[in-house]
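A.B. asks: Turn this into a model:
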Amino acid sequence: MDEPYAELRRNMVERQLLPRGIRDGAVIAAMAKIQRELFLDEGARQNSYVDGPLPIGCGQTISQPYIVAYMTELLGLAGGEKVLEIGSGSGYQTAVLAEIAAKVYSVELIPELSHSASGLLLGRLNYQNVFFKIGRGQDGWPEYALYDRIILTAAPAEFPHKLFDQLGEDGIAVAPVGVDSQRLVRYVKQNNRIHADELIGVIFVPLV
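C.D. replies: I've put the predicted structure just below:
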């Protein structure tokens, strides 16, 4: 299946990611490897590498490739981290994280999406370092805290404090935040205090 999409994937890296400043080698390698078309319904696969988000059902979307790469790069993954992902969605962002991090714990509210993502990643793609849970994203996954990194793929009005409690010292969290106007925010936890940097404007589905 991959062959018709291999050139499109290369073009995505060369025309969408590199010109916009994505430089992390591990992120680029993950984006170049993962077959984005597998995370879409067959009828939508011809659009797999368009420069924008795409619907995945249940009122949700798969994020623009650049945003996936940018958010992953902001996490500063070195390879040994334990990551909490809020919003499994299609599982595409999950797979990118799993290519780099040691373990990924992914929470999804919608059972249909969680089952589809887990079936693809744990079954067909045979990832051994990904764990799925159906539940409210605001609650996180406290059983496996503390996490080195946390990423949200849906936007809360403000970052949930329960998730800050699950972030370890020197940990990094990345999330879209806001209601009518959203900004991507990078949080760093140091000395049990949270330091926030607002970055680019984004549009994500709300965290419910």
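
A.B. asks: contacting residues around the helix or strand residue 172 falls within?
C.D. replies: Per DSSP states H and E, residue 172 falls inside strand 167-177. For strand 167-177, the external contacting residues (CB atoms under 8 Å, 6 or more residues apart in numbering) are 71, 74-76, 86, 145-152, 154-159, 163-164, 182-192, 202-204. C-beta coordinates here come from the backbone N, C-alpha and C atoms, glycine included.

A.B. asks: let's see 7 Å
C.D. replies: 71, 74-76, 146-152, 155-156, 158-159, 163, 182-190, 202, 204 (CB atoms under 7 Å, 6 or more residues apart in numbering).

A.B. asks: Strand partners (parallel or antiparallel) of that strand?
C.D. replies: According to DSSP bridges, strand 167-177 forms sheet pairs with strand 147-152 (parallel), strand 182-190 (antiparallel).

A.B. asks: so can I have TSV of those strands showing mean pLDDT?
C.D. replies: Shown next, in TSV, are those (pLDDT from 0 to 100):
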stretch	mean pLDDT
strand 147-152	98
strand 182-190	98
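
A.B. asks: Against residue 81, how distant is residue 11?
C.D. replies: As judged by CB to CB, to the nearest Å, residue 11 and residue 81 stand 30 Å apart.

A.B. asks: quick one, which of the two is more surrounded?
C.D. replies: Between residue 11 and residue 81, counted using other CB atoms under 10 Å, the more crowded position is residue 81 (20 against 11).
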